[in-house]
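# Next come a sequence and a model predicted from it.
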Amino acid sequence: MKTLTLSFDSTHTKRYLQIAAAIRRAIENGTVTPSEKLPSARALAAQLSVNRHTIMAAYDELVAQGWVEAKQRQGYTVVRTLPVYRALVNDKVHVKTVDKHAWRIVKPSQESFNRPAHDYVFNFAGGNPDIEQFPFNEFRGFINDALNRPTVKELNYGDNAGFQPFIKEVSTYLRRVRAITDKEVIVVNGSQEALYVVSQVLLKVGDKVAVENLGYRPAWSALQNAGAELIGIKQTEQGIDVDDFESLIKQHKIRLLYLTPLHQYPTTVTLSAEKRVKIYRLAQQYNIPIIEDDYDHEFHYNSQPLPPMAANDPAGIVIYLSSFSKIMFPGIRLGIIAVDKVLAPHIVSYRSLINHKANVLLQDAVARWMSDGGFERHLRKATRQYQKRRKCMVELLNAFIDEGIAIEFTMPKGGMALWVNIGKNAQEIADLAKSQGIFLLAESAFHLNQKNNENKFIRLGFAGQSEAKIKQGLMLLKPLLNKK
Ligand SMILES: Cc1ncc(COP(=O)(O)O)c(C=O)c1O
């Protein structure tokens with residue numbers, strides 16, 4: 001029996017897997033040939049100074065992978081036709097160069113999901129919370145709790161709508177803080193999953209969906225992925241133009257309306273109560289469900305925010321989306337849909353296709369945190385802080401205006417960003433800013449149709465960075481804003 005010449009690498013941590021991989025390499029490179037008998041486990045164990053059971057485990061692994069067979073009374077031999085070369089039916093190992101597969105991609109990757117903002121020193125991306133302010137230590141306690149006293153049944157498959165104690169906490173919160181009753185809550189892995197699933201459940205290829213002319217591209221991508229054709233509604237400084245919406249309804253069979261009523265994304269305008277009533281009536285009259293994306297409800301500073309459209313929805317047409325991305329951090333991937341009870345099971349069932357349900361351990365920890373009051377303590381603290389940051393940004397921009405820099409903005413009642421008219425070359429200024437380590441987005445990033453792009457506005461997020469950073473970043477931006 002010849003001695004095996006084996007070369008080892010450190011890909012595997014277990015010794016028997018290292019040995020199996022080395023024997024496999026010896027077979028692949030022809031050191032050991034098909035049908036060749038391998039050394040007995042005892043002999044190889046002696047050669048490699050390991051236990052005989054380690055060699056047996058390595059051989060068993062190779063048998064399971066199809067490289068080696070165990071024959072009665074003969075021991076282990078290399079198979080006659082090796083797994084990778086079975087198609088070639090050769091007795092000799094025969095290495096052939098193989099052309100790499102050219103993938104047929106039928107769903108091209110989406111530009112709108114590239115978010116490089118945090119690579120910049122000054123990050124004025126509009127929807128970023130300040131993650132460093134999140135009470136990680138406190139939250140760790142609730143994760144530990146969820147692990148120390150697990151709800152074992154819930155950690156299994158099933159109950160795909162969500163973890164009941166979490167749904168209970170969220171439902172109470174929605175009722176108390178947002179006046180939403182009479183809806184079923186489904187837990188999702190963030191609003192994006194909700195947008196995708198709702199689009200798939202409600203839309204057919206070619207269906208028309210009305211959206212705000214300026215809006216949130218990832219939502220549009222989800223709608224378009226379901227085959228929707230997007231129809232833009234005109235926007236005024238007071239929010240969407242209801243007459244335009246009505247005339248679009250009369251021209252097209254609109255199947256769905258996607259709105260960000262509280263702080264319009266990206267212009268920050270709050271849709272007035274009067275407009276909401278008109279839009280709701282039209283939607284009800286023409287059977288158009290409304291997706292209400294209430295992505296940053298908590299951050300409203302001077303008064304109570306208007307209750308969501310979902311709070312006054314007798315016909316049950318509002319599909320309400322809320323996310324934990326802003327109130328915790330985007331990486332938490334947690335969100336909810338509150339929806340009419342007839343629609344709810346369809347959404348749960350479709351979502352089960354892609355991901356059964358949302359992470360139960362996480363829902364458990366957040367439910368414990370909410371029940372303890374920690375969640376709302378954090379919200380109050382973050383809201384106070386973002387309000388100060390809004391003040392800081394507004395004061396500095398007003399000082400720029402006093403110095404003669406021609407910019408205009410309306411202080412938003414809430415949200416996490418300002419929509420600033422800089423009067424000129426917004427895209428050029430955003431590009432120049434990037435070259436100086438400042439991330440911000442210009443108007444063009446938000447238009448459904450670039451023919452409406454006046455290239456005058458930039459969006460400046462104030463929530464995600466400290467007041468010191470806001471000041472430094474804006475001072476660097478100042479000469480660009482002053483550029484003729
Ligand atoms: C308009 C809008 N909707 C929803 C979201 C949150 O999405 P998700 O919950 O998938 O993180 C964002 C975040 O940027 C947003 O701006």
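Structure's in. What do you need?
# care to break this protein down by domain?
1-107, 117-125+377-481, 135-372 (automatic domain parsing).
# closest one to the ligand among these?
domain 135-372 (3.2 Å; Cβ to the nearest ligand atom). No exception for glycine: its C-beta is placed from N, CA and C like everyone else's.
# Start and end of that closest one, how far apart?
Terminal residues of domain 135-372 lie 14 Å apart, using Cα to Cα, to the nearest Å.
# With stretch 35-45 instead?
Rule used - Cα to Cα; the end-to-end distance of stretch 35-45 is 21 Å.
# same question, stretch 395-410
Terminal-residue distance, stretch 395-410 (Cα to Cα): 12 Å.
# which of the residues in that stretch are buried?
Neighbour-count burial for stretch 395-410 flags 396, 397, 400, 405, 407, 409 (criterion: 16 or more other Cβ atoms under 10 Å).
# same thing with stretch 183-198?
Of the residues in stretch 183-198, 183-198 count as buried by neighbour count, 16+ other Cβ under 10 Å.
# and that stretch, how far from the chain's centre?
12 Å (Cα atoms, centre = their mean, to the nearest Å).
# Quick one: end-to-end length of that stretch, please.
15 Å.
# Would you map the helices across the stretch 301-450 of the chain?
With DSSP state H, counting those that start in this stretch applied, the stretch 301-450 of the chain shows helices at 344-355, 360-372, 374-402, 426-435, listed in chain order.
# swap in the stretch 1-150 of the chain?
15-28, 41-48, 52-65, 136-148.
# Look up phi and psi at residue 74.
The phi/psi pair for residue 74 (degrees, to the nearest 10) reads phi -100, psi -20.
# Distance check, the nearest residue to it once chain neighbours are set aside against residue 43.
Counting by Cβ to Cβ, 6 or more residues apart in numbering, residue 37 is the residue found nearest to residue 74 once chain neighbours are left out, at 6.7 Å. To residue 43, residue 37 is 11 Å away according to Cβ to Cβ, to the nearest Å.
# Residue 438 too?
In terms of Cβ to Cβ, residue 438 sits 68 Å off from residue 43.
# before we move on, the earlier item: please list which of the buried residues of stretch 183-198 are also close to the ligand.
Applying Cβ under 6 Å from any ligand atom, the subset of the buried residues of stretch 183-198 adjacent to the ligand comprises 190, 191, 192.
# from memory the first one sits against residue 323, does it?
So the one you mean is residue 190. Yes. Between residue 190 and residue 323 there is a contact under Cβ atoms under 8 Å: 6.0 Å.
# Find residues that contact each of these two.
334, 335 (Cβ atoms under 8 Å, 6 or more residues apart in numbering).
# which residues does residue 258 contact?
209, 210, 211, 212, 215, 219, 220, 223, 290, 291, 293.
# possible to save those residues as a markdown table with pLDDT?
As requested, the contacts of residue 258 are exported to a markdown table (pLDDT from 0 to 100):
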| residue | pLDDT |
| --- | --- |
| 209 | 98 |
| 210 | 98 |
| 211 | 98 |
| 212 | 97 |
| 215 | 97 |
| 219 | 97 |
| 220 | 97 |
| 223 | 98 |
| 290 | 98 |
| 291 | 98 |
| 293 | 98 |
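# for residue 178, phi and psi?
Residue 178 adopts backbone torsions of phi -120, psi 10, taken as degrees, to the nearest 10.
# nearest spatial neighbour of it, skipping sequence neighbours?
Residue 178 sits nearest to residue 308 (Cβ to Cβ, 6+ apart), 5.5 Å away.
# and that neighbour, how many residues sit next to it?
23 (other Cβ atoms under 10 Å).
# quick one: contacts for it?
Neighbours of residue 308 in contact, by Cβ under 8 Å, 6+ apart: 178, 179, 180, 261, 262, 292, 294, 297, 318, 320.
# From residue 338, how far off is the first one?
This points to residue 178. Separation of residue 178 from residue 338 (Cβ to Cβ): 9 Å.
# what does residue 474 give?
Applying Cβ to Cβ, one obtains 38 Å for the distance of residue 474 from residue 338.
# Done for today, thanks.
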